[in-house]
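Asker: how would this look folded up:
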Amino acid sequence: MNATTDLRRSRRKAALCGFLCLLAFGSLGWSPWLQAGRDIDQDEALALVEQGKVLPLQQFIDDAQQRFPGRLLEVELEWDDGRYVYELELVTRAGIVLELEYDAVTGKLLDVDEDD
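Answerer: Next up, the predicted model:
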């Protein structure tokens, strides 16, 4: 095994884990805000990560947790307004539910909204 193979496996596992969580939460109907753009299914998301077209989900989870410590509720990757966007919903330690949007290509945090 070399470092490149290990990195690919790590990215694949991170992407798969994140999108399995997304699939589980979405299938339970806990995601009314997920209808904004074209949803990317887990197979397409994994392919996009492996092709280097989007960054791995774990990078965004780590950033969100660092900025707003708390518990991750759900995640989605979608094509919205001509770009890939990761949407993360989390509840902070203070009990505030936040929705974060990241550019999935650049990693830039695009928006933070407090959920009512």
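Asker: gap between Leu73 and Gln65?
Answerer: Distance from Leu73 to Gln65, counting by C-beta to C-beta, to the nearest Å: 12 Å. All C-beta spots, glycine's among them, are computed from the backbone N, C-alpha and C.
Asker: these two: who's more crowded?
Answerer: A side-by-side neighbour count of Leu73 and Gln65, using other C-beta atoms under 10 Å, places Leu73 first with 17 against 14.
Asker: which SS state does the more buried one fall under?
Answerer: Of the three states, Leu73 takes strand under DSSP: H, G, I helix; E, B strand; the rest coil.
Asker: please tell me I have it right and it contacts Ile96.
Answerer: No: the pair Leu73 and Ile96 does not pass the contact test of C-beta atoms under 8 Å, sitting 11.8 Å apart.
Asker: so what sits against both of Leu73 and Gln65?
Answerer: Leu90 (C-beta atoms under 8 Å, 6 or more residues apart in numbering).
Asker: who does Glu78 bridge with?
Answerer: In this entry, Glu78 is beta-bridged to Asp39, Val85, by DSSP bridges.
Asker: what's the pLDDT at it?
Answerer: Per-residue pLDDT puts Glu78 at 96.
Asker: do Ser27 as well
Answerer: pLDDT recorded at Ser27 is 47.
Asker: start the count at 588, not 1, going forward
Answerer: Sure, I'll start numbering at 588, so the last one becomes Ser614.
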